[in-house]
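Asker: The sequence and its predicted three-dimensional model are supplied below.
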Amino acid sequence: MNRRHFIHQATAATLLAPQVFAASESLAKHWPASIVSSPDVPLPEGKREPFRWKTAAIGATPMVLSWPDLPADAQPTAMRITVGLDVRDEKLIEAYLPKSGRVLGTFDVRFGCIFQVFSIPLAAAAAADIRREGVALRLTKGAELRVFTAGEFLPPVLQPHLLVPGIADSMTEYYARMDTLACVQAFSWQEGCVLDGLLDLAAQPAHVTLKDAARRHFERFIIDGKLIYENATSVPSDGRLYGIEGALPYAALAKLEPSHPLLDYAVTSLLKRKDVEGSIQDGQHTSSEGAYTVGYPLAVIASQRKDAALEQVALTQLSVRQTRLFDGKMFWRTSEPKDGVIKKGNRAWARGFAWQFLGYARTLRELRHRSDLAPHIAAFQAMAAWVLPYQRPDGLWSVFLDKPELTPDTSGSAGIAAALAIGAQHGWLDANMKTAAAKTLAGLKLHLTPDGLLGGVSQANKSGEDLQRGTYRVIYQMGMSLMAQLIAALNQE
């Protein structure tokens, strides 16, 4: 398939050239495995792999890997695999030496999302054994797991690989990963976070190349002007908006190419989802995500078009959710009528609050030319005053904000802090809010892997709150990108 880039001014050489970070001797090395054998398991009916990248199954019949090119002096510290198809159960994948049978570790994959990287540590003595025997992976719990194995422009980070740390610091590694497809996500709120983070950082002189990185991401999804992608359950959703959470990437698209015809489709599709109070949502389900995934992209498009009516629609997405989800004393992520009663859910969930709070910050920033923002700024200030006392000594917020005994969530913390920093930057919040945001960034850095991926993220809420409330945390690229938004807001003059 011809993948002509949607940004007409950019050349194919610029878009598809290997990144200079890959050649740097100071950075971590990701040594991809050769697939010796894997179970012959077809894709589930109705599912599709993204970007024509190939996946293979890990099941009761082992997948066997080898590293014939691993240098004799390489000392890998971790082994990684990446989810290639949506996961809706809990899986355990045992990694062992196929000849001796010695177990190296177990991948714990619970309700994994596509593109999520899972890692097990390796002892120093394992390198020689892996060179000699390779590694076999077998499923000991759950249904088969499909992992990425090959494909055009599939980065080594997303292949089965051994991690050999470099000598660069974790933030240098972080920027290197952001400048590749290693941080790509499903075309949804997840990829929208990535694109916003890339473009925010690209506004700074030190990171201008990340604008081209955002273009390369779109190159994977928009082919000859048509949107080609899979929804959150790996079902093909070409040419349509699967739901309101899928609208966030259109904000970045509008910034890169304001006249792209897909923007008209997005606006029309969203406006068809309005309820009687003007809330754009899926059915009767009001969620805080819509403040960010609907209000913000509509604000970008409306501001570019000088469309005051559409700007008002964007602001309505904030205010109607504020009324339904936040009473000044407690915040809920969802609200939905059921049996004549309004049912609210995800009380004080950090990431749910981040969507509302960040949606406010980014929408107000886009519409700051308006003279009628005072009530919206006041609502934003009320949220800031409410959330700040819950900040932990480590600069983060617990996965449920009012439960300090629970493990923090780095992604929710990054989103909250980014909103604080944006508010302080524009004078809507006091300078102490910027100080709090800077404290969050310091805390987030401690959760970076040696190659710059962000760990400590609460898993996607596919299985209810129990998984969130526990200590299970994952590497998740959308969290990296919320961190990028925070970095940009703290450094922007």
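Answerer: Yep, it's here. Numbers count the residues shown, from 1 in each chain.

Asker: how much space between the residue lying closest to residue 201 once chain neighbours are set aside and residue 198?
Answerer: In space, and not counting its chain neighbours, residue 201 is closest to residue 207: 4.2 Å by CB to CB, 6 or more residues apart in numbering. Backbone N, C-alpha and C define where each C-beta goes, glycine included. Separation of residue 207 from residue 198 (CB to CB, to the nearest Å) stands at 9 Å.

Asker: The two: who's more crowded?
Answerer: Applying other CB atoms under 10 Å to residue 207 and residue 198 shows that residue 198 carries more neighbours, namely 27 against 20.

Asker: Could you measure from that one over to residue 57?
Answerer: Taking CB to CB, one finds residue 198 at 32 Å from residue 57.

Asker: go on, residue 212?
Answerer: 35 Å.

Asker: now the end-to-end length of stretch 87-107.
Answerer: 14 Å (CA to CA, to the nearest Å).

Asker: That stretch: which residues count as buried?
Answerer: 87, 90, 91, 93, 94, 95, 96, 97, 98, 104, 105, 107 (16 or more other CB atoms under 10 Å).

Asker: who's in contact with the fifth one?
Answerer: This points to residue 94. For residue 94, the contact set (CB atoms under 8 Å, 6 or more residues apart in numbering) comprises 103, 105, 106, 107, 137, 138, 139, 140.

Asker: now, among those, which is nearest to residue 353?
Answerer: Ranked by distance to residue 353 (CB to CB), those are led by residue 107 at 30.6 Å.

Asker: Mind listing the residues bridging to residue 136?
Answerer: Beta-bridge pairing for residue 136 (DSSP bridges): residue 64, residue 96.

Asker: pLDDT score for it?
Answerer: Per-residue confidence (pLDDT) for residue 136: 98.

Asker: now swap in residue 261 and tell me
Answerer: So, for residue 261, pLDDT stands at 96.

Asker: that older thread, tell me the phi and psi of the residue nearest to residue 201?
Answerer: phi -130, psi 30 (degrees, to the nearest 10).

Asker: Make sure it is actually in contact with residue 200.
Answerer: No: using CB atoms under 8 Å, residue 207 is not in contact with residue 200, being 9.1 Å away.

Asker: quick one: the helices in the stretch 51-200 of the chain?
Answerer: Along the stretch 51-200 of the chain, counting by DSSP state H, counting those that start in this stretch, helices occupy 126-133, 170-178, 189-202.

Asker: from the ones you listed, which stretch is densest packed?
Answerer: A comparison of these by mean neighbour count, using mean count of other CB atoms under 10 Å, puts helix 189-202 on top with a mean of 26.

Asker: Which SSE is immediately downstream of that helix?
Answerer: Heading C-terminal from helix 189-202, the first helix or strand you meet, by DSSP states H and E, is helix 210-221.

Asker: Report the buried residues of that next one.
Answerer: Across helix 210-221, burial judged by 16+ other CB under 10 Å covers 210, 211, 212, 213, 214, 215, 216, 217, 218, 219, 220, 221.

Asker: Ok, stretch 338-351 next?
Answerer: Burial within stretch 338-351, assessed by neighbour count using 16+ other CB under 10 Å, is assigned to 344, 345, 346, 347, 348, 349, 350, 351.

Asker: Take those residues and keep only those in strands.
Answerer: Members of the buried residues of stretch 338-351 lying in strands (criterion: DSSP state E): 344, 345, 346, 347.

Asker: Would you mind measuring from the second one to residue 287?
Answerer: Counting by CB to CB, the gap from residue 345 to residue 287 is 9 Å.

Asker: For those two, list the residues in contact with both.
Answerer: With CB under 8 Å, 6+ apart as the test, residue 345 and residue 287 both reach 333, 334.

Asker: Am I right that residue 26 is in contact with residue 169?
Answerer: No: judged on CB under 8 Å, residue 26 makes no contact with residue 169 at a distance of 9.5 Å.

Asker: Look at the nearest residue to residue 331 once chain neighbours are set aside and give its secondary structure.
Answerer: The shortest distance from residue 331 to any non-neighbouring residue, by CB to CB, 6+ apart, is to residue 353 (5.2 Å). At residue 353 the chain is in helix, as set by DSSP: H, G, I helix; E, B strand; the rest coil.

Asker: Who are the contact partners of residue 353?
Answerer: Contacts of residue 353 (CB under 8 Å, 6+ apart): 288, 331, 333, 383, 387, 401, 412, 416.

Asker: Low-confidence regions, this structure specifically.
Answerer: 1-23, 492-493 (pLDDT under 70).

Asker: what about 80?
Answerer: By pLDDT under 80, the low-scoring segments of the chain are 1-25, 492-493.

Asker: nearest to residue 187, of the buried residues of stretch 338-351?
Answerer: Looking across the buried residues of stretch 338-351 and measuring by CB to CB, the closest to residue 187 is residue 351, at 19.2 Å.

Asker: The nearest residue to the closest one once chain neighbours are set aside in helix, strand or coil?
Answerer: Take residue 351 and drop its neighbours on the chain: the residue closest to it by CB to CB, 6+ apart is residue 412, 3.9 Å away. Using three-state DSSP, the structure places residue 412 in helix.

Asker: Next one: residue 412 relative to residue 488, how far apart?
Answerer: According to CB to CB, residue 412 and residue 488 sit 18 Å apart.

Asker: Name the residue in the two with the higher neighbour count.
Answerer: More crowded of residue 412 and residue 488, by other CB under 10 Å: residue 412, with 28 against 24.

Asker: isn't the more buried one right next to residue 355, touching?
Answerer: No: Residue 412 is beyond contact range of residue 355, at 9.1 Å (criterion: CB under 8 Å).
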